[in-house]
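In: let me see the structure of the following:
(one chain, ligands or ions: 1)
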Amino acid sequence: MHVVLVEPEIPWNTGNIGRTCVATGTTLHLVGKLGFSLDSKYIRRSGLDYWPKLKYKQYPDFESFLKSIPKSASLLLFSTKAKRNFWDAPYHKSSYLIFGKETAGLSEKIRGQFPDRLYRIPMLRGTRSLNLSTSAAVVLYEALRQTPSWQGR
Ligand SMILES: C[S@@+](CC[C@H](N)C(=O)[O-])C[C@H]1O[C@@H](n2cnc3c(N)ncnc32)[C@H](O)[C@@H]1O
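Out: Residues are numbered from 1 along each chain as shown. This is a model prediction of the structure:
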């Protein structure tokens, strides 16, 4: 499984997500300009001693990320603006679960490229959004739950 963060801004969110990725054998993909340095003490503190064990890749922009993955890759994007529920997404064992940045989410341009692959985590009316690392954990574990070959225990 793969988690993709597009332009993440807050180091402890990425640190938390990195830790969840280590715990689940997931590769983390960091796309575009980051709002922090990967050497930041915050990211290491959030990821604790897990950070060196993390499999991660970095790309200058979303186009470079798209070029680096197989054409047939299963891409699933998560946005508060989507209509379909994340429980109903077609997860595969090597899906790329794509999340937007903390302040603005996924850009209109990226959402427009994949209108049929956008999913939403339900929230009560009046709630703006969930925290990025909470969203990634919720979606990743649902994706793993629906992927019978996963060996977590
Ligand atoms: C803090 S949110 C961004 C908030 C932004 N104002 C928006 O509405 O997209 C950061 C990222 O977490 C994910 N996220 C947060 N809440 C979500 C939800 N209810 N459904 C799907 N994704 C969500 C999305 O990937 C989003 O781009």
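
In: could you pull out the strands for the protein?
Out: 2-6, 27-31, 56-59, 75-78, 84-85, 96-99, 118-120 (DSSP state E).

In: include mean neighbour count and mean pLDDT when you put those strands into JSON lines, please.
Out: Every residue, glycine included, has its C-beta placed from N, CA and C. Converted to JSON lines, these look like this (neighbours: other C-beta atoms under 10 Å; pLDDT from 0 to 100):
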{"stretch": "strand 2-6", "mean neighbour count": "24", "mean pLDDT": "98"}
{"stretch": "strand 27-31", "mean neighbour count": "21", "mean pLDDT": "97"}
{"stretch": "strand 56-59", "mean neighbour count": "16", "mean pLDDT": "96"}
{"stretch": "strand 75-78", "mean neighbour count": "21", "mean pLDDT": "98"}
{"stretch": "strand 84-85", "mean neighbour count": "12", "mean pLDDT": "98"}
{"stretch": "strand 96-99", "mean neighbour count": "24", "mean pLDDT": "98"}
{"stretch": "strand 118-120", "mean neighbour count": "19", "mean pLDDT": "98"}
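
In: dump those strands to CSV, plus distance to residue 37.
Out: What follows is these, written out as CSV (distance: least, C-beta to C-beta, whole Å):
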stretch, distance to residue 37
strand 2-6, 15
strand 27-31, 12
strand 56-59, 12
strand 75-78, 26
strand 84-85, 36
strand 96-99, 20
strand 118-120, 31
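
In: can I get those in JSON lines including distance to the ligand?
Out: What follows is the strands of the chain, written out as JSON lines (distance: least, C-beta to the nearest ligand atom, whole Å):
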{"stretch": "strand 2-6", "distance to the ligand": "8"}
{"stretch": "strand 27-31", "distance to the ligand": "12"}
{"stretch": "strand 56-59", "distance to the ligand": "17"}
{"stretch": "strand 75-78", "distance to the ligand": "4"}
{"stretch": "strand 84-85", "distance to the ligand": "9"}
{"stretch": "strand 96-99", "distance to the ligand": "3"}
{"stretch": "strand 118-120", "distance to the ligand": "4"}
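
In: taking this protein, what residue is nearest to the ligand?
Out: With C-beta to the nearest ligand atom as the measure, residue 105 is the residue of the chain nearest to the ligand, at 2.1 Å.

In: so who does that residue touch?
Out: Counting by C-beta atoms under 8 Å, 6 or more residues apart in numbering, residue 105 makes contact with 79-81, 129.
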